[in-house]
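**Q** Requesting a structural model of the entry that follows:
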Amino acid sequence: MGEEKCADRRERSQNIILFLEIIACLAVLAGVILLSYFVYAGVFRLYFVISSLGSWVVVTLINWKKETATDRPKVRWFTVFLIALAVALSVAMKPAITYGEGKRIAARQGYENISELRVRSMRSFGLKTSRFVRDAYLYTGEKDNARYYILLSPIDGQIETEKIGDGNYLDMYFESYILNP
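**A** A predicted model of the protein is given here:
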């Protein structure tokens, strides 16, 4: 009878540990996704981190019964490693410039009435990219009485512009976007 109580206590303790591991993985996963979307306008893509954390949560749920059948409740070190790796990659590989900072950089370059579009990032053909940052921030602004699409590299702040209404690839994209949202 006493051994059964100890086994139940160990199982409950391991259940709590597994539950906390899942919550930690989901919190880091949500943090990475929210950071990428709201701070970096979707240009910061950590698919490896997102898929790894999500997969680890699924594996934990599938193996829940087996994981609770343990002699001693314990934190799984792979979970700790995976969370630490996700946080380290997020910090080490993040773009140098946020979406908000990009607007200020464009303003310092003489662009006025800078505004955001529904599509906040776009592929640029001339700006520097990296494995985790392949797109540029996209704004519109005015300079010398002309309206421009402003593409700004999140990596180094370099700017590329296309005049609105010149028939460039951005004009064509937005024409097709409006016709087929």
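
**Q** contacts and neighbour counts: CA atoms only from here.
**A** OK.

**Q** residue contacts, the residue nearest to the spatial centre of the chain?
**A** Centroid check for the chain by Cα atoms, centre = their mean gives residue 36 as the closest residue, at 2.9 Å. Applying Cα atoms under 8 Å, 6 or more residues apart in numbering to residue 36 gives the contacts 42-45.

**Q** Could you single out the nearest of the residues you listed to residue 105?
**A** Distances from residue 105 to the contacts of residue 36, taken as Cα to Cα, are shortest for residue 43 (17.2 Å).

**Q** ok, the closest one - contacts?
**A** 36-37, 121, 132-137.

**Q** now it: how far from residue 174?
**A** 19 Å (Cα to Cα, to the nearest Å).

**Q** tell me the pLDDT at the residue nearest to the centre of the chain?
**A** Looking at residue 36, its pLDDT stands at 92.

**Q** What is the three-state secondary structure of it?
**A** helix (DSSP: H, G, I helix; E, B strand; the rest coil).

**Q** again with the one 5 residues further on
**A** Under three-state DSSP, the three-state class of residue 41 is coil.

**Q** Show me what counts as buried in stretch 57-75.
**A** Using 16 or more other Cα atoms under 10 Å as the test for burial, stretch 57-75 gives 57, 60, 67-68, 73.

**Q** ends of it, how far apart?
**A** For stretch 57-75, the first-to-last residue distance is 14 Å (Cα to Cα).

**Q** quick one: low-confidence ranges for this structure?
**A** 1-2, 7, 177-181 (pLDDT under 70).

**Q** What segments of the chain are strands?
**A** Assigned by DSSP state E, the chain shows strands spanning 112-123, 135-143, 146-152, 159-163.

**Q** Please consider this matter closed, and thank you.
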